[in-house]
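J.: give the three-dimensional model of this entry:
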Amino acid sequence: VSRISDDGKVAVIGTPGNWAFVNSGGSAWVSIYDETTQTWGTGQPLNPGMTSNRNPYNVNTYGSSVDIDGDGDVVVIGNKTGGYWTLGPATYYNTGKIVIWRRTGSTWAKEAEINGPEFDTYGSVGFGNSVRVNSAGDTIYVLAPGNSNVNTKIYIYRYDNGNWTTDVNEAVTLELQVSN
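T.: Just a heads-up that it's a prediction; the model follows:
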């Protein structure tokens, strides 16, 4: 999966993990085009690292979706089976997660990790299955296709005063009907 900035100078590539190897987490890379040498750089990994929410059932699909803003300064990486929720004594894994990176000069820093806002005890709702960031880099749209118990939704996150926030009541619920 890959995306390129509007000016064509920054590219991001996502490579989700391999289902055959549970510990094979996904990854993402960003590369910048050097106008002087007219070549692409070797790339820099944008990997969140192993976190305590890893479990044997999470194949870590980090990199399954990616997007980049117009200037190439904000990158969003989706992990549709990452993330978790803890409710009382129970922990529900595989809610989905997104990771947001921001570039300052030539340095990339992880700005935020957002777990999917919903969970279902019967399976992943796929938060982060698809991600989009607007050209200005201040609004992110995250698709959660749901499952047989949870409707498909698109969540909207806005960057304001150094924080990414959402109003889950603003989520767009998609009611899909299949006809033969």
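J.: would you mind measuring from the closest residue to Val1 other than its chain neighbours to Asn163?
T.: Excluding the flanking residues, the one nearest Val1 by C-beta to C-beta, 6 or more residues apart in numbering is Gly14, at 4.2 Å. All C-beta atoms are positioned from the backbone trio N, CA, C, and that covers glycine. From Gly14 across to Asn163, the span is 24 Å (C-beta to C-beta, to the nearest Å).
J.: could you check how far the one residue sitting closest to the centre of the chain is from Lys97?
T.: Nearest to the geometric centre of the chain sits Gly78, at 2.0 Å (C-alpha atoms, centre = their mean). To Lys97, Gly78 is 8 Å away according to C-beta to C-beta.
J.: what do the two both touch?
T.: Listed as contacting both Gly78 and Lys97 by C-beta atoms under 8 Å, 6 or more residues apart in numbering are Tyr62, Gly128.
J.: so what's the residue count around the nearest residue to Tyr159 once chain neighbours are set aside?
T.: Closest residue to Tyr159 apart from its sequence neighbours, by C-beta to C-beta, 6+ apart: Asp138 at 4.3 Å. Asp138: 14 surrounding residues under other C-beta atoms under 10 Å.
J.: thought Arg132 was touching Tyr155?
T.: No: counting by C-beta atoms under 8 Å, Arg132 sits too far from Tyr155 to count as a contact (11.2 Å).
J.: more neighbours: which of these two?
T.: More neighbours surround Tyr155 than the other of Arg132 and Tyr155, with 24 against 14 (other C-beta under 10 Å).
J.: that's all I had, so thanks and see you.
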